[in-house]
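Student: any chance you could fold what I've pasted below:
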Amino acid sequence: MSKSERKKGGREKRRRRLPSAVGAAIALLIGGGLVFLGFGIMRSGPQAARHPEPRPDATKQVTVDPARYAGYPRVRMVYAMAAEIKPTLDGLYCYCRCSEHAGHRSLLTCFESDHSAGCDVCLGQAALSYWMKNRGASLDEIRRENDRKFGSGSARG
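Tutor: Numbers count the residues shown, from 1 in each chain. You can find the predicted model right below:
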């Protein structure tokens with residue numbers, strides 16, 4: 001076999017590999033797109049329907065003592081707020097999606113542990129809900145505003 005024949009054979013092999021590499025790259029892009037699309041579908045949809053009904057004994061649920069967060073003023077303040085509006089928080093879906101990844105029942109559940117201390121979504125929802133509740137808003141109004149600010153149609157959701 002001459003040198004030129006060997007080169008030609010080598011080029012043919014490279015050409016055969018190139019389509020399979022391009023095919024693999026295309027398959028990865030399509031697969032990645034489908035995964036991305038799947039997450040988008042999971043995140044969309046009516047969030048308001050997911051709000052739980054507050055339990056009759058919600059006021060008996062124990063939230064973490066705000067003093068635990070003495071070095072974190074915002075966290076301490078929102079944990080104190082949460083302790084005052086337990087039935088309201090028990091009737092709200094938490095948009096950090098902890099019901100899906102941590103088994104939480106409602107936004108109130110987030111304040112029964114340290115979970116909310118590190119979660120801006122939980123803290124934001126609770127502060128908004130406290131503010132609205134203290135201005136006379138109903139649970140339905142609070143739910144709608146949480147849906148608007150934190151749900152799938154918001155910049156966060």
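
Student: could you report the neighbour count for the closest residue to Cys96 other than its chain neighbours?
Tutor: Closest residue to Cys96 apart from its sequence neighbours, by CB to CB, 6 or more residues apart in numbering: Val121 at 3.9 Å. (Each C-beta comes from the backbone N, C-alpha and C, glycine too.) Using other CB atoms under 10 Å, Val121 has 18 other residues around it.

Student: need the next SSE after the strand or helix carrying Val121, C-terminal direction.
Tutor: Val121 belongs to helix 120-133 when assigned by DSSP states H and E. Downstream of helix 120-133, the first helix or strand assigned by DSSP H and E is helix 139-150.

Student: circling back to that earlier point, and the helix holding Val121, what's buried?
Tutor: 121-126, 128-130, 132-133 (16 or more other CB atoms under 10 Å).

Student: got any ranges where the chain has weak pLDDT?
Tutor: 1-49, 102, 153-157 (pLDDT under 70).

Student: give me the domain ranges for the chain.
Tutor: 1-44, 51-150 (automatic domain parsing).

Student: ok, which pair from the buried residues of helix 120-133 is furthest apart?
Tutor: Using CB to CB, these span at most 18.2 Å, a distance reached by Val121 and Lys133.

Student: look up the closest residue to Met81, ignoring the ones flanking it.
Tutor: Excluding its sequence neighbours, the residue lying closest to Met81 (CB to CB, 6+ apart) is Tyr130, at 3.9 Å.

Student: assess the claim that that neighbour and Glu84 are in contact.
Tutor: Yes: if you go by CB atoms under 8 Å, Tyr130 and Glu84 touch, sitting 6.9 Å apart.

Student: all helices of this structure, in order?
Tutor: Ranges of helices within the chain are 3-43, 73-84, 86-90, 98-101, 107-110, 120-133, 139-150, based on DSSP state H.

Student: quick check: buried residues in the fourth one?
Tutor: The one in question is helix 98-101. Counting neighbours by 16+ other CB under 10 Å, one finds that the buried residues in helix 98-101 are 98-99.

Student: one more: the second one?
Tutor: Residues 75-79, 81-83 are the ones in helix 73-84 that count as buried (16+ other CB under 10 Å).
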